[in-house]
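1. Any chance you could fold what I've pasted below:
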Amino acid sequence: MTKHASGRPEPSHDLPFLICRLDKDGRLSWLCWLVICQDSRRARITFKVATLMHQALHRRCSAYLADLVAFSSTDSHRQLRSTTTRAAAIQRTRTLFGRRAFSVCGPDVWNSLPPSVRTVDSNSSFRRALKTHLFQLAFNN
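-> Got it, this is the predicted structure:
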């Protein structure tokens, strides 16, 4: 536990969350506590940005969002690895504030996903694969 300069303990931003599972008869089969911490907020933001990028790839979102990002095209005569993995082009910025723009952080988050998640076409299957990937990152470390 860390302390402020005044000597008081710093409040924890970790939130306990109770998870229970019922069997098919409606009886409690198991119960556990899951602590939601700062990393889960980052994972939630990553999930939302990656979902928006998937929608932009398939043109299921607003046109202004889809126009902000560019994906590697399959129209070229050269067969590049980035065309088969659906990589996005990352715009370069000079400031930290510029890196927070969707046109920069979206492709960065998208390219950090494994190709097995990026190549899923169905929206529901993509969300399921993305949740699995983020849970593995959070709990297997």
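
2. all contacts plus neighbour counts: C-alpha atoms, from now on.
-> OK.

3. Would you map the strands across this protein?
-> Counting by DSSP state E, the segments of the chain that form strands are 15-22, 28-36.

4. measure the nearest residue to Arg127 once chain neighbours are set aside to Arg86 for me?
-> The spatially closest residue to Arg127, leaving aside those adjacent along the chain, is Thr51, at 7.1 Å (Cα to Cα, 6 or more residues apart in numbering). Using Cα to Cα, to the nearest Å, we find Thr51 at a distance of 14 Å from Arg86.

5. again with Gln55
-> For Gln55, the distance to Arg86 - Cα to Cα - is 13 Å.

6. How about Leu68?
-> 16 Å.

7. So which of those two has more stuff around it?
-> Arg86 (18 against 14; other Cα atoms under 10 Å).

8. circling back: just give me the neighbour total for the residue nearest to Arg127.
-> 18.

9. Thought Arg128 was touching it, still the case?
-> No: no contact is recorded between Thr51 and Arg128 when judged using Cα atoms under 8 Å, the distance being 10.7 Å.

10. What residues of stretch 41-61 count as buried?
-> Ala43, Thr46, Phe47, Val49, Ala50, Thr51, Leu52, Met53, His54, Gln55, Ala56, Leu57 (16 or more other Cα atoms under 10 Å).

11. Which other helices and strands does the longest helix belonging to the chain contact?
-> Identified as the longest helix of the chain according to DSSP state H is helix 38-57. If contacts are counted by 3 or more Cα pairs under 8 Å, 6 or more residues apart in numbering; DSSP states H and E, helix 38-57 sits against helix 63-66, helix 102-112, helix 123-139.
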